[in-house]
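A.B. asks: Only the shape, not the letters, is given here:
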């Protein structure tokens, strides 16, 4: 079961936190990390952005329920196996919308385009 980094962790609260707990954590973190209070900290804007997004999701019941479903699905997924070292020549994977084209299909298409180009030159 993989460990999932969630908006709950960003606000440093439990997953069963009440709306009041969420609001209190947001206010506490906002006071601590706001860029106006930390002008010397260049990272404070990024931290505030993370806090704001987390609060936006967790303060909305619909978005929070969707986030909780995502966490449950992510935690239920099996661990990805460790990558094996590559053998042989590297292959090219090009995302084509929703699915990826297998390397063998890409190679076939490249050969067909080359043949067509040679044929077009002759004609």
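C.D. replies: Good, I have the coordinates. Note that the structure is a prediction, hence the values are computed from the model and not measured.
A.B. asks: From now on I want contacts and neighbour counts done on CA atoms only, so please keep to that.
C.D. replies: OK.
A.B. asks: I'd like the secondary structure assignment at residue 17, please.
C.D. replies: coil (DSSP: H, G, I helix; E, B strand; the rest coil).
A.B. asks: Show the contacting residues for it.
C.D. replies: Residues counted as contacts of residue 17 (CA atoms under 8 Å, 6 or more residues apart in numbering): none.
A.B. asks: which phi and psi does it have?
C.D. replies: phi -60, psi 140 (degrees, to the nearest 10).
A.B. asks: Going forward, count from 690.
C.D. replies: Got it, the first residue is 690 from now on, which makes the last one we talked about residue 706.
A.B. asks: Just the pLDDT for the nearest residue to residue 719 once chain neighbours are set aside.
C.D. replies: For residue 719, ignoring the flanking residues on the chain, the nearest one in space by CA to CA, 6 or more residues apart in numbering is residue 737 at 6.9 Å. For residue 737, the pLDDT comes out at 92.
A.B. asks: Likewise for the one 5 residues further on?
C.D. replies: On pLDDT, residue 742 comes in at 94.
A.B. asks: where's it, which helix or strand?
C.D. replies: Element membership of residue 742 [criterion: DSSP states H and E] is helix 733-747.
A.B. asks: Can you give me the buried ones in that helix?
C.D. replies: 733, 734, 736, 737, 740, 741, 743, 744, 746, 747 (16 or more other CA atoms under 10 Å).
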